[in-house]
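K.L.:
just to be clear, the model below is a prediction. Sequence and coordinates:
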Amino acid sequence: MPVNVALGHLSNAFMIATLIIYSLSVFAFAGDFAFGRPRRAAAVRGQQEARDREAALATVGAAPGIPGTSGSAAAGTAAPEASGGPGDPGVPAASGGGGAAGSMPEPAVPAFRAIRAAGRWVIAAVLLSSLGAAAHTTTVITRGLAVHRAPWGNMYEFVTALTCVAVLFFLYVLIRYQVWTLGVFVMGSIVVALGLAETLIYTAPGDLVPALQSYWLDIHVTAMTLATGIFFVAAVLGAVYLWTDRYTRRVAAGQATPGHGIIRRLPSIEQIDRLTYRTVVFGFPVWTFGVIAGGIWADQAWGRYWGWDPVETWAFITWVLYAAFLHARATAGWRGRRAHYVQLLGFTSLIFNVMVVQVFIAGLHSYSGVAG
Amino acid sequence: MTDVRAPESDPFDPAAERDDPPRPGPGSPGGGAFGLADWLKWAWRQLTSMRIALILLFLLAVGTVPGSILPQQGADPAAVQQYYVSHPGLAPWLNRLGLFNVFAAPWFAAIYLLLFASLIGCVVPRTFRLAGSTRSLPPRAPRNLSRLPRSAEYVTTLPPAAAAAVAAKVLSGHGFRLRRPAAGEDAGATGETGPGNGHWVSAEKGYLREAGNLLFHLALLGLLVSVALGGLFGYKADRLLVQGQTFADTTSALDEFHPGRFVTGADLARFTMTLNQFTASYISTGQQRGQPSAFDARVTYTEQPGGPARTGHLAVNRPLSVDGAKVYLIGHGYAPVFKVTDARGQVVYDQATPFVAGATGNFLSEGVVKVPDAQPDQLGFTGVFVPTAANVGGTLESVFPAADNPVVSLIGYAGNLGENAGPAQSVYELDTAGMKRLTASPQALAPGQSLKLPGDRGTITFTGYVPWVSLAITHDPGQLPALICGMAALGGLLLSFMVRRRRVFVRARASQPGAGENGTTVQVGGLARTDASGSFEAEFAALAAELKSAHEQAAPGEPAVSPQPEGE
Ligand code: HEM
């Protein structure tokens, strides 16, 4: 079927609109950083976290048979309202566990109330990001209608679609966990990625080579696009984590003064850590599924499900690195900073695959649609 | 989170949540004599530690990299040859390290075999522990439930014992495994005194999480076995088939045959196949002009010698299953048809000759014609087939991949083809060492045109062209097991990420006399381990609400006091 040129133009127009609206939303998120008011939601979150930390402390500090004192100390300072009373013996060890290790404290304030309470800048930022996301989604859909197929068949379309996934996913995270201050980082990265895609690798709507016409392509690349969008958010969060962590350690070493304006307003480092972990945990099975679907497709196209083609090889490296991240979080001496380096390495290998391997290293997958 | 090899009776035990405990090593003081058995035990412990698993995972990722950067023998032997030519000093060294065949290199095998040994050593004990923990009971309820990550508290008019019984009923209705105090247990164990302290319920759920994690790791092991199965008992073969030709699937008819270690030519599927017609369509307008839009190969085949003939279609992404093997369309090209008459006027050559498309695009294809029967000298030609010819600045170029304006351009040679001496020659190369060039410049021919060879050596006529396809014939017995293991791995992963191991405790105490209330204070506490999906909070809130309303319903008369959920 021929490409619908009018829809193609419409899609391009929406793309420009998306970029403009996103840029404005970054501006609003930044404005919140600079002028936003301290907010209740943050205070609530702080309490909940203090409680979680206290629970963790109480259990770590209380070996069976030894009355835990650290637990009550923490209760006294961090969250007096949560404590059952000073001088409590610690919670018996068997019941403690890392309840806080994997779970994400959620603010109890409903989303809309929290957005209103967070002030004008946040209201504007959330509205603009949502509006931008709507324009972005329209960009992707009209492109798909224009070319009569899933609109992620070349690299430009892939970047457009994955950033759309990243924004939708991040909006969910943003509103659910009310982590307004992360918006400037994630949306800023989105604007950069989209802007680069628009200027460097724009490809006009067109058909696919027959090797790509298979519904397994749709399934495989859809999964890869979804996972990449999710990993994109995880990578930005990981970078924010590393930055915060570096700052915290420099303060501890006396090399920096505490109370850095931006860092102070960020969620706690534990919360960023958990949020990143949860994001990767969400993306990892999707990636795994994408690799399996890719194997099924490769089998139909080339007669083998795995052949260490460069693109396959790098998908495998990416998978192993994310698995290493999940392991690192459960390994002594590796959780925290090092685990996040592993995570960023995983994302680097993913991007390397898309930007370098698919374009410059010849393989069966060379379909990026980018000249040269 | 968990170091699973730590002696662990209870997976929620903080001791097990902590890092690898320091283990006695060869150098540790007080170890006494460290014998061979101790060394082995120590090495095994190291191997199965999370840290080593992590390092091995890393090595696996790093070791894979050269396999994608350097040309690989298995995928592209010609590129490896090319690398030898362009890097004569470096290539032999890379070869010695196995870097041209990474995925078959001993060091690469060492990494993944160690990883899987580690995995077995880690996962098998875990399986036993899981089996054990599904039989054991949850721990006793802690004394102060408000200390737990989730807690709620309210008052009911039910007496403590009845309140605990109602709570137990609600929780077991949700599939929790329960533990109630044995007679006199509570007071004795925690040193509590006072009336009514012994009424509690411990409930636990979500044992599937560990099961999912195990399933995931075991499925990875199964995946490795499946791949090995395919490597040992499968095969892969290639065959170029010109339109109109028939071939029987035997080793002699195949262009290439890569059998697994335990496979011989006798294991080949015994089909025959004829290519009736092949069509390729291309996009003719727009930015993607020249990109293929569809391929279709119509074939006739018999599954067994002498069996009924069937017809079928082969297309990209649409293999044909024949007698346990799969046939794939993996490439195509043009085979110009030449007719050669020699000096005596005899037709010594009349056939389609497959030419192979080069890298320049638009199916500019190269090939050779060898005419060993020509007299007085053997004849040879190197040729270029141009599907849609255009004169671009004096040179012939192809501007479109379809054969819209086909032209061949030939250079003729006469002499000795050298086919009788030396190693077998490629049909795509002409050894001109013993030959004399007949034409100074390449001669272009349109279909039907002839080239008269100088010195009355005869003529060559370009009579037309037919397409050819290249077929891959594969058999992989590990394929289905690999798919099953892949799905199992995914299922295990989802299970381990979505199921949370969680505990809920309920304590019912008689309210302090004089505190204004007369009734029972119910405390509910809960915690989830590795709550990756993060929905325990909602589950806990729902459970706490349900417990409260169950208590209200069971209580006689009096309106209940509103709850005081904490941490809000
Ligand atoms: C083939 C290589 C391996 C891969 C790709 C891999 C992958 C993974 C992944 C993705 C997870 C996260 C799933 C979850 O948290 O439930 C995980 C968890 C885990 N793996 Fe592996 N693994 C491998 C080898 C090993 C080995 C050799 C060990 C033992 C030393 C091991 C022990 C564990 C443990 C204990 C967990 C649970 C960690 C936790 O509680 O969060 N794995 N693995």
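P.N.:
Looks like it came in fine.
K.L.:
please report how far B:Ala61 lies from chain A.
P.N.:
Remark: distance between B:Ala61 and chain A (C-beta to the nearest C-beta, to the nearest Å) = 4 Å. Just so you know, the C-beta spots here come from the backbone N, C-alpha and C atoms, and that holds for glycine as well.
K.L.:
could you do B:Asn213 as well?
P.N.:
Taken as C-beta to the nearest C-beta, the span from B:Asn213 to chain A is 10 Å.
K.L.:
so that residue is in which element?
P.N.:
For B:Asn213, the enclosing helix or strand under DSSP states H and E is helix B:208-233.
K.L.:
so the longest helix seen in chain B, near chain A or not?
P.N.:
Using DSSP state H, we find that the single longest helix of chain B is helix B:106-133. No: judged by C-beta under 8 Å from any C-beta of the partner chain, helix B:106-133 and chain A are separated, with a smallest distance of 9.7 Å.
K.L.:
chain center to that helix, what's the gap?
P.N.:
On the basis of C-alpha atoms, centre = their mean, to the nearest Å, the separation between the geometric centre of helix B:106-133 and that of its chain is 20 Å.
K.L.:
what of stretch B:207-217?
P.N.:
Taking mean C-alpha positions (C-alpha atoms, centre = their mean), stretch B:207-217 and its chain are 21 Å apart.
K.L.:
all helices for the stretch 401-550 of chain B, in order.
P.N.:
Assigned by DSSP state H, counting those that start in this stretch, the helices in the stretch 401-550 of chain B fall at B:479-498, B:536-554.
K.L.:
buried residues of the helix holding B:Asn213, list them for me.
P.N.:
Applying a neighbour-count criterion of 16 or more other C-beta atoms under 10 Å in any protein chain shown, one finds B:208-220, B:222-224, B:226-227, B:229-230, B:233 buried in helix B:208-233.
K.L.:
rewinding a little: take the helices of the stretch 401-550 of chain B and lay them out in TSV including distance to the ligand and mean neighbour count.
P.N.:
Converted to TSV, the helices of the stretch 401-550 of chain B look like this (distance: least, C-beta to the nearest ligand atom, whole Å; neighbours: other C-beta atoms under 10 Å in any protein chain shown):
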stretch	distance to the ligand	mean neighbour count
helix B:479-498	3	19
helix B:536-554	16	18
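K.L.:
which one of those helices lies nearest to chain A?
P.N.:
helix B:479-498 (4.5 Å; C-beta to the nearest C-beta).
K.L.:
what residue ranges in the stretch 301-450 of chain B score low on pLDDT?
P.N.:
Scanning the stretch 301-450 of chain B for pLDDT under 70 picks out the ranges B:359-361, B:421-424.
K.L.:
so where do the strands sit in it?
P.N.:
Using DSSP state E, counting those that start in this stretch, the strands of the stretch 301-450 of chain B run over B:309-314, B:320-322, B:325-342, B:347-352, B:356-357, B:365-371, B:378-386, B:389-392, B:395-398, B:407-415, B:435-437, B:443-445, B:450-453.
K.L.:
out of these, which one sits most buried?
P.N.:
strand B:378-386 (a mean of 24; mean count of other C-beta atoms under 10 Å in any protein chain shown).
K.L.:
other SSEs contacting that one?
P.N.:
Strand B:378-386 sits against strand B:325-342, strand B:365-371, strand B:395-398, strand B:407-415, strand B:458-475, with contacts defined as 3 or more C-beta pairs under 8 Å, 6 or more residues apart in numbering or on different chains; DSSP states H and E.
K.L.:
so which of the strands of the stretch 301-450 of chain B is nearest the ligand?
P.N.:
Comparison of those against the ligand by C-beta to the nearest ligand atom identifies strand B:325-342 as nearest, at 28.5 Å.
K.L.:
dump the helices and strands packed on strand B:378-386 to TSV, plus distance to A:Val236.
P.N.:
Converted to TSV, these look like this (distance: least, C-beta to C-beta, whole Å):
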stretch	distance to A:Val236
strand B:325-342	41
strand B:365-371	49
strand B:395-398	47
strand B:407-415	56
strand B:458-475	42
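K.L.:
now the ones you listed as CSV including distance to chain A?
P.N.:
Shown next, in CSV, are the helices and strands packed on strand B:378-386 (distance: least, C-beta to the nearest C-beta, whole Å):
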stretch, distance to chain A
strand B:325-342, 4
strand B:365-371, 19
strand B:395-398, 18
strand B:407-415, 25
strand B:458-475, 4
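K.L.:
now those strands in a markdown table, with distance to the ligand?
P.N.:
As requested, the helices and strands packed on strand B:378-386 are exported to a markdown table (distance: least, C-beta to the nearest ligand atom, whole Å):
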| stretch | distance to the ligand |
| --- | --- |
| strand B:325-342 | 28 |
| strand B:365-371 | 44 |
| strand B:395-398 | 47 |
| strand B:407-415 | 54 |
| strand B:458-475 | 26 |
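K.L.:
great, nothing more from me.
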